[in-house]
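K.L.:
Just to be clear, the model below is a prediction. Sequence and coordinates:
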Amino acid sequence: MREAIPVLPMADPDYWQDPYPVFRALREQHRVAQNEQGHVVPLHWQDAAWAVKGTDFIAEGIEVLERRGFKPGDPMHTWRSNAIGVMEGESHRRVRSFATGALSKRNMDSIRPLIRKHAHALLDRASGEAELDVHRDFASPLPRLVMMDFLGIGPDELSGSFAAMSRVNIVDCFGPRVTPELRTAANEAIQKSMDHVAGLYAKRRVEPRDDLLTHLVQAKDEQGALSHGELITLFSTIFGSGASTTSVLASGILELARHPEQAALFRSDPERWKRGVTEETLRFRPAIIAIGQKSAVAQTAFGIPFAKEEPIAVVLGAANRDPVRWDDPERFDIRRDPSNMSLTFGMGAHFCLGHAMARATLDEALACFIERCEEIALANEPRWIPFVMENKLDRLVIRRRTPSA
Ligand code: HEM
């Protein structure tokens, strides 16, 4: 730990319920804080964006998982070693280029009608009920259905292996409190998923289809630039990332329930306001708590000396509420300029590859939701699950009055 740098109270479960007053108070007095592992946390937008951009600080490698107790030979270790998240430079560009075109904004905009179709079908199914269990009925199945359509996975191919993976939040393996149980569950789920994906690739080689699996396997066969492990990890990373969309979708519904005047404005013209609602929810409740980076060289940054490879934690919630970038940042306000982007998808070389899919899903899901609810109220006071890496509510149930009711 570094002396004279304040420490985030991460051992306190209350901090996880609402860390924002802590960020605000610290930001007013300090340029940086540190987490309980002693990693420096920039508190201001500009410093945080600089640390994520990928020049003086670069993505942490497999050492993050090793710090959490995963060892070479563990399925999680093998899987993560092949992930683009731990690559830099040419190898990173090479692997990323395989999926960039397929996940382009243009392609994702073209699936918006499909997203709406799934959203309406889920809401139809729950329409007899005054109460909506947000995760169970809407926020969990919707990104999964969109992902299955996009990837070309039929219900028959969504075997127990993918189901196992969606029960374990892999992102939490990077978090502050990894339990032996989580390690075991994550290793088992990832191994099943890797085996399953290998089987799907083998199938598409024999029976090609018009889907991402076939596209990736054919691109590999033609260009030969992806290893078998990279191919598998790329696909399962994309599949697993739908969980982040789920957490933002649930957060958006929570904030609309808490802010009836914002919900009314959104309902008055969903097409006009959907982008504002999505971007404001992303800013206000970033799905991923922190991005782990490390110092590329020995250097002084934010007035502090860093050794080469020293880790740094970019806490997205702290950066996303810097008053220098957002007026009255503690206010949830869908009228903000949506082009003033937050740090929720990262920045620079590792900028989220699935941001266009996530945005299209959130825009359409939230618009369909508000069109179908004349009034929304919280039926429970949800709690954020503490000590995890992804902002997750334990359970969110809302009461709603539908237009036809
Ligand atoms: C609201 C939902 C999502 C959020 C908040 C989110 C956030 C992020 C963040 C913070 C990163 C790391 C950036 C960094 O390390 O600098 C990332 C990377 C990534 N995301 Fe997402 N993500 C979301 C949805 C998705 C979806 C739906 C997909 C796939 C379709 C996806 C695919 C990826 C991939 C492949 C990377 C690694 C990119 C690289 O290292 O070059 N994400 N995402």
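P.N.:
Yes, it's here. Values in this document were obtained by computation on a predicted structure and should not be read as measured data.
K.L.:
mind listing what K220 touches?
P.N.:
Applying Cβ atoms under 8 Å, 6 or more residues apart in numbering to K220 gives the contacts F98, L226, L231. All C-beta spots, glycine's among them, are computed from the backbone N, C-alpha and C.
K.L.:
quick one, phi psi at the first one?
P.N.:
F98 has phi and psi values of phi -70, psi -30 when expressed as degrees, to the nearest 10.
K.L.:
isn't it right next to T233, touching?
P.N.:
No: between F98 and T233 there is no contact under Cβ atoms under 8 Å: 11.5 Å.
K.L.:
ok, these two, which is more surrounded?
P.N.:
Taking other Cβ atoms under 10 Å, F98 and T233 do not tie; T233 has more neighbours (26 against 21).
K.L.:
Quick check: the gap between the more buried one and the ligand.
P.N.:
According to Cβ to the nearest ligand atom, to the nearest Å, T233 and the ligand sit 10 Å apart.
K.L.:
Wait, a strand at that residue?
P.N.:
No: using DSSP: H, G, I helix; E, B strand; the rest coil, the assignment for T233 is helix, not a strand.
K.L.:
Quick one: residues contacting it.
P.N.:
T233 sits in contact with W79, R80, N82, A83, I84, M194, where contact means Cβ under 8 Å, 6+ apart.
K.L.:
now the first one, nearest residue through space, not along the chain?
P.N.:
What that stands for is W79. I190 (4.9 Å; Cβ to Cβ, 6 or more residues apart in numbering).
K.L.:
Flag every residue of the chain that's near the ligand.
P.N.:
52, 59, 84-85, 96, 103, 237-238, 241-242, 244-245, 248, 287-288, 291, 344-346, 350, 352-354, 357-358 (Cβ under 6 Å from any ligand atom).
K.L.:
returning to that earlier point: just flag the most distant two among the contacts of T233.
P.N.:
The largest separation in these, counting by Cβ to Cβ, is between I84 and M194 at 15.8 Å.
K.L.:
on that earlier part again, C-terminal to the one helix or strand the residue nearest to W79 maps to, what's the next element?
P.N.:
Assessed by DSSP states H and E, I190 sits inside helix 180-206. Using DSSP H and E, the helix or strand that follows helix 180-206 in sequence is helix 212-223.
K.L.:
would you list every one of the strands in this protein?
P.N.:
Taking DSSP state E, the strands of the chain run over residues 32-34, 40-42, 57-59, 131-133, 290-295, 299-301, 304-306, 311-315, 375-378, 397-401.
K.L.:
Identify the residues contacting the fifth one?
P.N.:
Translated: strand 290-295. Contacts with strand 290-295, where a contact means Cβ under 8 Å, 6+ apart, come from 35, 39, 41, 51-52, 56-61, 64, 174, 301, 306-316, 346, 389.
K.L.:
repeat that for 6 Å
P.N.:
51-52, 57, 60, 64, 306, 308-315, 346 (Cβ atoms under 6 Å, 6 or more residues apart in numbering).
K.L.:
now the stretch 201-350 of the chain, which segments are flagged as low pLDDT?
P.N.:
221-224 (pLDDT under 70).
K.L.:
Who are the contact partners of the closest residue to the ligand within it?
P.N.:
Nearest to the ligand in the stretch 201-350 of the chain, going by Cβ to the nearest ligand atom, is G346, at a distance of 2.7 Å. By Cβ under 6 Å, 6+ apart, the contact set of G346 is V52, I291, C352.
K.L.:
Could you report the neighbour count for F23?
P.N.:
Residues near F23, counting by other Cβ under 10 Å: 22.
K.L.:
leaving aside the residues next to it on the chain, what's closest to it?
P.N.:
F23's closest residue in space is A318 (Cβ to Cβ, 6+ apart), at 4.2 Å.
K.L.:
quick one: that neighbour from G240, how far?
P.N.:
26 Å (Cβ to Cβ, to the nearest Å).
K.L.:
Those two: which has the busier surroundings?
P.N.:
A318 (29 against 20).
K.L.:
which residues of the stretch 251-400 of the chain fall in helices?
P.N.:
260-268, 270-284, 316-319, 355-371 (DSSP state H, counting those that start in this stretch).
K.L.:
Tabulate those helices (CSV), appending distance to R68.
P.N.:
Shown next, in CSV, are the helices of the stretch 251-400 of the chain (distance: least, Cβ to Cβ, whole Å):
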stretch, distance to R68
helix 260-268, 38
helix 270-284, 26
helix 316-319, 19
helix 355-371, 25
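K.L.:
residues near the closest residue to R96 other than its chain neighbours, how many?
P.N.:
Among residues not flanking R96 along the chain, I84 sits closest, at 5.5 Å (Cβ to Cβ, 6+ apart). If you count neighbours by other Cβ under 10 Å, I84 ends up with 22.
K.L.:
With the one 4 residues further on instead?
P.N.:
As a burial measure, E88 scores 15 neighbours (other Cβ under 10 Å).
K.L.:
spatially speaking, which residue is in the middle of this structure?
P.N.:
S244 (3.3 Å; Cα atoms, centre = their mean).
K.L.:
residues contacting it?
P.N.:
Applying Cβ under 6 Å, 6+ apart, the residues near S244 are A287.
K.L.:
cool, and L145?
P.N.:
Contacts of L145 by Cβ under 6 Å, 6+ apart are H118.
K.L.:
can you pull the pLDDT of it?
P.N.:
Turning to L145, the model gives it a pLDDT of 93.
K.L.:
ok, G61 touching G85?
P.N.:
No: assessed by Cβ atoms under 6 Å, G61 is found out of contact with G85, at 9.1 Å.
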